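# The sequence and its predicted three-dimensional model are supplied below.
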Amino acid sequence: MILILKHGISKDKVTELCDFLTSSYGVQTSPIYGSDTTIIGLVGDTSAISVESLELDDHVERVMKVQEPYKRANRKFHPDDTTIRIGDSLVGGKAICIAAGPCSVETEDQIREIAERVAQNGAVMLRGGAYKPRTSPYAFQGLKAEGLMLMKRAKMATGLPVVSEITNPAQLDLFMEFVDVIQVGTRNMQNFELLKELGRVRRPILLKRGFANTIEELLMSAEYIMSGGNDQIILCERGIRTFETSTRNTLDISAIPVLKSRTHLPVFVDPSHAGGSAWLVEPLAKAAIAAGADGLIIEVHNDPKRALSDGQQSLTPDEFEALVGRLRPVAQAVGRTLP
């Protein structure tokens, strides 16, 4: 349920109304001060609340019921786009934000070299895997804590905030020390115990869509995090599993405008994992920007042929530089910018 308040109501009156709703009906309230409108979102059992009685309040313009199961992530609750400050960048603003780096951190020289190159050519975040969930138990599983420390050193050298994937709630203390944006991978999108823990921290979360999950399920996973009090969430479309085998996954380009219509949260796209081949990254990245994405995650490796994971979909630093140059006109065409 949403209360749309009359223009000019003071914050004291909003607080008073929230206190009344909580004490009278036992619901949680989320006041949101938009550019034009102030609203109060009610979360909890609202079945006993009379819409007619609330509309009698002098400060209430009208009352709307929200049918969707996700509340805090719902654009009806929060009409204005959410923006998230990460380092010097504003995610969800006019600029397209790129997180670039290797699938896996392998050595200090490797991550340092890649970080320096992508920082020079438009990336505003450094992505890299330290804990790697792999299909095969015999595949490279990452350097774990050492990998996070190497990324932190690369950040100190370049200034790029670090993005890395968490796989277990037990890793959270390490991530809070070394990582600026905590990524939840496709396999953990519905790891609800992990999502609950991430709801208790105050750190941006990059939430990837599961390869067999619906858009509503993605938003419900975001709701798990937001229900704990953390509203700094970036959603990420990274391709879904279909019958098609010519690409690693099928990039659901329609998910971008659908998400932008249903939620206020920023949306990223991962063209590297979606296509699974380096030559597909450019056309998929262009399509993502044209469809309204707020950012991209792109895998970059200084020697893809010898990469310990996902080398076939990784760009070289030179290829990344050329790609960003070709993405800028696309961003300009839709009223966005690239650093």
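The structure has been received and is ready for your questions. None of the values given here were measured: they were computed from a predicted structure. Numbers count the residues shown, from 1 in each chain.

# per-residue confidence for residue 138?
At residue 138, the pLDDT value in this model is 69.

# I misspoke; the intended subject was residue 190.
Residue 190 carries a pLDDT value of 97.

# And the one 4 residues further on, by the same measure?
The pLDDT attached to residue 194 in the predicted structure is 97.

# Identify the residues contacting the helix or strand where it lies?
Assigned by DSSP states H and E, residue 194 falls within helix 192-199. With contacts defined as CB atoms under 8 Å, 6 or more residues apart in numbering, helix 192-199 is touched by 166, 168-169, 172, 182, 184, 188, 205, 221, 224-230. For glycine as for every other residue, the C-beta is placed from the backbone atoms N, C-alpha and C.

# What's the PyMOL syntax to select whichever of these are buried?
Burial among these is assessed by 16 or more other CB atoms under 10 Å; the matching PyMOL selection reads:
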select buried, resi 166+172+182+184+188+205+221+224+225+226+227+230
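
# For the residue nearest the centre of the chain, pull up the helix or strand it's in.
Of all residues in the chain, the one closest to the mean position by CA atoms, centre = their mean is residue 234, 1.6 Å from it. Take DSSP H and E as the rule and residue 234 turns out to sit in strand 233-237.

# Can you give the strand pairings for that strand, parallel or anti for each?
strand 205-208 (parallel), strand 267-269 (parallel) (DSSP bridges).

# burial count for residue 243?
Residue 243 has 5 neighbours, counted by other CB atoms under 10 Å.

# so how far is residue 287 from it?
According to CB to CB, to the nearest Å, residue 243 stands 21 Å off from residue 287.

# for residue 274, same thing?
Residue 274 is 10 Å from residue 287, by CB to CB.

# cool, and residue 61?
Going from residue 61 to residue 287 by CB to CB gives 40 Å.

# Then residue 269?
8 Å.

# Please, where are all the helices along the stretch 101-250 of the chain?
Listed in chain order, the helices of the stretch 101-250 of the chain (DSSP state H, counting those that start in this stretch) span 108-120, 145-158, 172-178, 192-199, 215-227.

# List just the one of those helices that sits closest to residue 19.
helix 215-227 (20.4 Å; CB to CB).

# tell me what the closest one is packed against?
helix 192-199, strand 205-208, strand 233-237, helix 255-262 (3 or more CB pairs under 8 Å, 6 or more residues apart in numbering; DSSP states H and E).

# returning to that earlier point: now tabulate the helices of the stretch 101-250 of the chain in JSON lines and tack on distance to residue 72.
Shown next, in JSON lines, are these (distance: least, CB to CB, whole Å):
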{"stretch": "helix 108-120", "distance to residue 72": "33"}
{"stretch": "helix 145-158", "distance to residue 72": "29"}
{"stretch": "helix 172-178", "distance to residue 72": "21"}
{"stretch": "helix 192-199", "distance to residue 72": "10"}
{"stretch": "helix 215-227", "distance to residue 72": "4"}
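
# Those: which one's closest to residue 69?
So among the helices of the stretch 101-250 of the chain, helix 215-227 is nearest, using CB to CB, at 6.3 Å.

# Put the alpha carbons of the closest one into CSV.
This file holds the C-alpha atoms of helix 215-227, laid out as CSV (Å, rounded to 0.1, in the frame of the first residue of the first chain):
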residue,chain,number,x,y,z
ILE,A,215,12.4,-10.9,-13.6
GLU,A,216,10.0,-11.1,-10.7
GLU,A,217,12.2,-13.6,-8.9
LEU,A,218,15.2,-11.2,-9.4
LEU,A,219,13.2,-8.4,-7.9
MET,A,220,12.1,-10.6,-5.0
SER,A,221,15.8,-11.4,-4.3
ALA,A,222,16.5,-7.6,-4.3
GLU,A,223,13.5,-7.3,-1.8
TYR,A,224,15.2,-9.7,0.6
ILE,A,225,18.3,-7.4,0.7
MET,A,226,16.2,-4.3,1.0
SER,A,227,14.0,-5.7,3.7
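
# Tell me what residue 240 is bridged to.
residue 250.

# So it versus residue 211, what's the distance?
5 Å.

# what sits in contact with each of the two?
By CB under 8 Å, 6+ apart, residue 240 and residue 211 have these common neighbours: residue 249.

# Next up, the contacts around the closest residue to residue 120 other than its chain neighbours.
Spatial nearest neighbour of residue 120, excluding adjacent residues (CB to CB, 6 or more residues apart in numbering): residue 321 at 7.8 Å. Contacts for residue 321 (CB under 8 Å, 6+ apart) come out as 117, 120-122.

# Next: residue 149.
residue 178.

# what about it, distance to residue 307?
20 Å.

# remind me, longest helix of the chain?
Looking across the chain with DSSP state H, the single longest helix is helix 317-333.

# Only C-alpha atoms, please: export it in CSV.
Output of helix 317-333 as CSV, limited to C-alpha atoms (Å, rounded to 0.1, in the frame of the first residue of the first chain):
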residue,chain,number,x,y,z
PRO,A,317,43.3,-4.2,-22.8
ASP,A,318,43.7,-2.9,-26.3
GLU,A,319,40.4,-4.4,-27.4
PHE,A,320,38.7,-2.8,-24.3
GLU,A,321,40.1,0.6,-25.2
ALA,A,322,38.8,0.3,-28.8
LEU,A,323,35.4,-1.0,-27.5
VAL,A,324,34.9,2.0,-25.2
GLY,A,325,35.6,4.3,-28.1
ARG,A,326,32.9,2.7,-30.2
LEU,A,327,30.4,2.7,-27.3
ARG,A,328,30.6,6.5,-26.7
PRO,A,329,28.6,7.4,-29.8
VAL,A,330,25.9,4.9,-28.8
ALA,A,331,25.7,6.4,-25.3
GLN,A,332,25.5,9.9,-26.8
ALA,A,333,22.7,8.8,-29.1
